[in-house]
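Asks: need coordinates for the following:
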Amino acid sequence: MELNITSYCRIKNKSIFVNGKELSIPKEDVPSYFFADVYKQLEINYPKFHKMDNLSKLGIIATEAALKENDFLRRNSLEETAILLANKASSLDTDRNYQNTINNKDQYLPSPAIFVYTLPNIVIGEIAIKHKITGENAFFVCDSFDAQLLVNQAQISLTQQGTTAAICGWVDYDNGMADALIYLVEKASDSIKNINFNPLNEAILNQFYK
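Replies: Below you'll find the model as predicted:
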C-alpha cells in the first residue's frame, strides 16, 4: 500500500514552515504572542483557541497550517480520518502550571480550566472537535522524535478497515519551546495525482523535521 504526505507544517521555536516555505510571522519573545499572531495570519476562526494550553494551541496552528489551501478534509471521510500524534514532554508544561495553582496552602485554588489539559491527548481532542473528525486516534510519548514509530503507526492505522487518511506528527511544548511537525497522510489515488506529494517514509520525515 502506497501512503503519501500531501501537506506538512514544521514549527520550530518561533518559526513556521508550510510545505518548506516559511511564513512571515513576528518573532515574539512570548510564545503565546507567537501563537496569536499565527492564529491571525492563518485566519483561524475558533474562539476556544484562546482558552487552550500551549500544547493544544501548537497542535491546532500546525494542523491548520497543513490543512490551509488543501482539500484534505473534503477528499476524505471525517469518520475514516485518524489522528496520530507523539511528543516527548507529554503535558508536563501544563502539569507544572496546574501544580502552581495548588502549591500555596494559604491560597489553595486548583484551576479546573488548566486541569482539563493535563493529558497530552487533549490536543487530539481539540483538533477532532474543531473539524468533527471521528476516526481512530492515538498519542505516543517517546524520548525523542521517532520517524520509525510515526511511519509504523500510520501504516498500521491505514491498513485497517475504516481508516483512509490520517493527520499525523510530533507536537511538543515545554518550557517555552515549541516543536511540531504535522503532516497529512493519504493513500495513493486519482484524487491526489495532481498534488505535490512525498512518499511516507522515515527519510522524508527526518528531512522535514531537521
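Asks: so residue 1 sits against residue 157, correct?
Replies: No: using C-beta atoms under 8 Å as the test, residue 1 is too far from residue 157 to be in contact (11.3 Å). (Each C-beta comes from the backbone N, C-alpha and C, glycine too.)
Asks: which one's more surrounded, these two?
Replies: Neighbours were counted for residue 1 and for residue 157 using other C-beta atoms under 10 Å; residue 157 has more, 23 against 7.
Asks: roughly how far does the more buried one sit from residue 103?
Replies: Residue 157 is 40 Å from residue 103, where distance means C-beta to C-beta, to the nearest Å.
Asks: so where is this structure shaky, pLDDT-wise?
Replies: Scanning the chain for pLDDT under 70 picks out the ranges 27-30.
Asks: the nearest residue to residue 141 once chain neighbours are set aside and residue 139: what is the separation?
Replies: Nearest residue to residue 141, sequence neighbours excluded (C-beta to C-beta, 6 or more residues apart in numbering): residue 90, at 5.0 Å. For residue 90, the distance to residue 139 (C-beta to C-beta) stands at 9 Å.
Asks: just the strands in the protein please.
Replies: Here the chain has its strands, by DSSP state E, at 3-12, 15-18, 21-22, 81-87, 137-141, 165-174, 177-187, 198-199.
Asks: would you list those in a markdown table and tack on distance to residue 129 and mean neighbour count?
Replies: Formatted as a markdown table, the strands of the chain follow (distance: least, C-beta to C-beta, whole Å; neighbours: other C-beta atoms under 10 Å):
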| stretch | distance to residue 129 | mean neighbour count |
| --- | --- | --- |
| strand 3-12 | 19 | 22 |
| strand 15-18 | 23 | 19 |
| strand 21-22 | 29 | 8 |
| strand 81-87 | 11 | 25 |
| strand 137-141 | 12 | 16 |
| strand 165-174 | 13 | 26 |
| strand 177-187 | 16 | 24 |
| strand 198-199 | 29 | 14 |
